[in-house]
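Undergrad: Quick check, what structure comes out for this input:
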Amino acid sequence: QVQLVQSGGGLVQPGGSLRLSCAASGATLDHYAIGWFRQAPGKEYEVVSCFSPSEGSTYYADSVKGRFTFSRDNAKNTVYLQMNSLKPEDTAVYYCAARPLGYYYCSEYGSDFVSWGQGTQVTVSS
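TA: Got it, this is the predicted structure:
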């Protein structure tokens, strides 16, 4: 089972940018459907973006479309979430997660993901 370690995040002003990283060990990431989730205080988990290796496509939530970009570096076995034009409502703990090997499609449900990063706080505030 793949293990995920996150880095990045922090405090940024509205309109600023951050990049989150999610490095994998124990397996090659390009065999997995990988999602980025977030959880704001008092709210449910929300899928922000997800890459499906079978479809070769990336899903973005409407709330982040055009501002966030999912990317991957296979040589580093790492995926990224580039976040631009950040808004206060983007404030949350962000998690990367992987579906089980062999499940190549994305899902909006966190319960469909079996490996999770440790989470990283993103705070957008002036």
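
Undergrad: Would you state the strands of the protein in chain order?
TA: Counting by DSSP state E, the chain has strands at residues 3-7, 10-12, 18-25, 34-39, 46-52, 57-60, 68-73, 78-83, 92-98, 115-116, 120-124.

Undergrad: To residue 106, which of these lies closest?
TA: Nearest to residue 106, of all the strands of the chain, is strand 46-52, at 3.6 Å by CB to CB. Every residue, glycine included, has its C-beta placed from N, CA and C.

Undergrad: contact partners of that closest one?
TA: Strand 46-52 has contacts (CB atoms under 8 Å, 6 or more residues apart in numbering) with 33-40, 57-61, 63-64, 68, 70, 72, 79, 81, 92, 94, 104-108, 110.

Undergrad: Please list only the buried members of the residues you listed.
TA: Neighbour counting with 16 or more other CB atoms under 10 Å marks 33-38, 58-61, 64, 68, 70, 72, 79, 81, 92, 94, 106-107, 110 as buried within those.

Undergrad: per-residue pLDDT, residue 41?
TA: Among the per-residue scores, residue 41 holds a pLDDT of 89.

Undergrad: and the gap between it and residue 117?
TA: Look at residue 41 and residue 117: by CB to CB, to the nearest Å, they are 19 Å apart.

Undergrad: So between these two, which is more surrounded?
TA: residue 117 (23 against 7; other CB atoms under 10 Å).

Undergrad: what's the span of stretch 77-94 from first residue to last?
TA: End-to-end distance for stretch 77-94: 19 Å, by CA to CA, to the nearest Å.

Undergrad: Tell me the buried residues in it?
TA: Counting neighbours by 16+ other CB under 10 Å, stretch 77-94 gives 77-81, 83, 86, 90-94 as buried.

Undergrad: Switch those residues over to JSON lines; also include pLDDT and distance to residue 50.
TA: Output for those, formatted as JSON lines (pLDDT from 0 to 100; distance: CB to CB, whole Å):
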{"residue": "77", "pLDDT": "95", "distance to residue 50": "18"}
{"residue": "78", "pLDDT": "96", "distance to residue 50": "16"}
{"residue": "79", "pLDDT": "96", "distance to residue 50": "11"}
{"residue": "80", "pLDDT": "97", "distance to residue 50": "14"}
{"residue": "81", "pLDDT": "98", "distance to residue 50": "11"}
{"residue": "83", "pLDDT": "98", "distance to residue 50": "15"}
{"residue": "86", "pLDDT": "98", "distance to residue 50": "20"}
{"residue": "90", "pLDDT": "97", "distance to residue 50": "17"}
{"residue": "91", "pLDDT": "97", "distance to residue 50": "21"}
{"residue": "92", "pLDDT": "98", "distance to residue 50": "16"}
{"residue": "93", "pLDDT": "98", "distance to residue 50": "17"}
{"residue": "94", "pLDDT": "98", "distance to residue 50": "13"}
